[in-house]
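Asker: what's the 3D shape of this:
(2 chains)
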Amino acid sequence: MINKLWIGLIVLGSSCLLLTGKSDVLNTQILSSGKATLELVMQIFPLMSLWLGIMNIAKESGLLLKLSKFIYPLLHRIFPEIPRDHEAFGFISSNILSNMFGLGNAATPFGLKAMESLQKLNKNKEVASRSMITFLVINTCGLCIIPTTIISLRILYGSDDPSFIAVPCLIISFLSLLFGLFIDRILSRRNHK
Amino acid sequence: MKLISNLFIPIIVLVVIIYGSYKKVNVYDSFVSGAKEGLPMVCSMFFSLLAMIFGVNIFLNSGIIDYFFDFLKPFLMLVHIPAEVLPVAIMRPLSGSFGLALLNDLYKLYGPDSFISVLASVIQGSSDTTIYVITLYFGTIGIKKIRYALWVGLLTDLFMVLLSLIIVPLFF
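Answerer: Take a look at the predicted model:
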């Protein structure tokens, strides 16, 4: 699936540039994406390590397990395959909370830890498990109480009420989350047969 | 709202460290050994991200989107969808920064409180960069077969756009 998408992006983009005679743009795009990726990863790396450090304290002190126990009744219907009081619940809820408060740089390492612990439960390490896809849906819905970047952009352009969009954003992302979980259920059942 | 968001990080950090020392964990050593996990994580995410950014960059900068929307514009006028919003909607799953740049242009052109700008902001704010999230998470832990993950993600994004077209006008 990703393979086809990748081919499509490159072949469509390249042929459009070549047909319109902009091969110089194509050249710079090909050669600059390595640097762009490195810059992105360098932005993620320091804060990710910081949050992983904090998270490790929470894990070793048993705080994460407490969070897992607390959140279990809420999340076990969404993730029926994760055993009771598993640490994955702690990571998943930390990830959701950081996303809600608009802390993307903390959400990423927590999400990765969640995926790692779901991978430990996964039988076939190369195939995505059902819980992984469900967790992914929660993440791609961008459930967020404070969409920080957009609000600051609105402040920059002198909006009358910069944070007004938080309300429709929250309503819409919540409803699309429900829709996503519904679709996820249907497709996972169909895939099982 | 902003205060809660500002206090969120310091409170978490303090609670975790105080609770850790209360439970007699060597918090310093624990922090360092946890932080070390960051390096292998970054190393394993780099290559799948490189591949995806490579593809997405060629596609986004090819101008193919502009041709596509010039072609689509007359049809959109028929169903009363502001044509400027559509690039934001279609680019949302592919790239976060590209959408923000488009949003920036719309704000400049129509002002941040116009219907078009608010609609585009809501579309940008109610979702995340699906392709990036899939690449990042599945690439880092070494998943090769993502099964129906992309379908769920993209269908949800489509639903989000349609919902925005219905809900945002209610706020005006």
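
Asker: Sketch out the helices for chain A, chain order is fine.
Answerer: A:2-19, A:23-60, A:63-75, A:87-100, A:104-121, A:130-140, A:148-156, A:166-192 (DSSP state H).

Asker: Tell me the secondary structure of the residue of chain B found nearest chain A, please.
Answerer: Closest residue of chain B to chain A, Cβ to the nearest Cβ: residue B:34 (2.3 Å). All C-beta spots, glycine's among them, are computed from the backbone N, C-alpha and C. At residue B:34 the chain is in helix, as set by DSSP: H, G, I helix; E, B strand; the rest coil.

Asker: residues touching residue 147, list them.
Answerer: Since no chain was named, I'll use chain A. Residues in contact with residue A:147, defined by Cβ atoms under 8 Å, 6 or more residues apart in numbering or on different chains, are A:102, A:165-166, A:169, B:125.

Asker: ah, no, chain B please
Answerer: A:127-128, A:133, A:191.

Asker: Let's see that with 6 Å instead.
Answerer: Counting by Cβ atoms under 6 Å, 6 or more residues apart in numbering or on different chains, residue B:147 touches residue A:128.

Asker: returning to that earlier point: so which of the helices of chain A is the most packed in?
Answerer: helix A:130-140 (a mean of 25; mean count of other Cβ atoms under 10 Å in any protein chain shown).

Asker: Now do the domain split for chain B, please.
Answerer: Domains of chain B are assigned by automatic domain parsing as B:1-36, B:45-171.

Asker: would you list the contacts of residue A:147 in CSV and tack on distance to residue A:56?
Answerer: Compiled in CSV, those are given as follows (distance: Cβ to Cβ, whole Å):
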residue, distance to residue A:56
A:102, 24
A:165, 36
A:166, 33
A:169, 33
B:125, 32
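
Asker: Can you mark which positions in the helix-or-strand element of chain B with minimal mean pLDDT are buried?
Answerer: Here the helix or strand of chain B ranked lowest by mean pLDDT, DSSP states H and E is helix B:64-78, holding a mean of 81. Counting neighbours by 16 or more other Cβ atoms under 10 Å in any protein chain shown, one finds that the buried residues in helix B:64-78 are B:64-65.

Asker: and residue B:39, how many residues sit next to it?
Answerer: 13 (other Cβ atoms under 10 Å in any protein chain shown).

Asker: For chain A, tell me whether the least confident helix or strand of chain B is touching it.
Answerer: Yes - applying Cβ under 6 Å from any Cβ of the partner chain, one finds helix B:64-78 touching chain A at residue B:64.

Asker: Single out the most deeply packed of the domains of chain B.
Answerer: Of all the domains of chain B, domain B:45-171 has the most neighbours on average by mean count of other Cβ under 10 Å, namely a mean of 19.

Asker: before we move on, the earlier item: list the contacts for the residue of chain B closest to chain A?
Answerer: Counted by Cβ under 6 Å, 6+ apart, residue B:34 has contacts A:52-53, A:55-56.

Asker: pLDDT score for it?
Answerer: With respect to pLDDT, residue B:34 has a value of 94.

Asker: How about the one 4 residues further on?
Answerer: Per-residue confidence at residue B:38 stands at 92 (pLDDT).

Asker: Surely it touches residue A:48?
Answerer: Yes - between residue B:38 and residue A:48 there is a contact under Cβ atoms under 6 Å: 5.0 Å.

Asker: Residue B:121 is nearest to which of the helices of chain A?
Answerer: Closest approach to residue B:121 among the helices of chain A is made by helix A:148-156 (5.1 Å; Cβ to Cβ).

Asker: Please state the offset of that closest one from the chain centre?
Answerer: In this view, helix A:148-156 has its centroid 21 Å away from the chain centroid, taken as Cα atoms, centre = their mean, to the nearest Å.

Asker: which non-adjacent residue is nearest the residue of chain B closest to chain A?
Answerer: Leaving aside its sequence neighbours, residue B:34 sits nearest to residue A:56 (Cβ to Cβ, 6 or more residues apart in numbering or on different chains; 2.3 Å).
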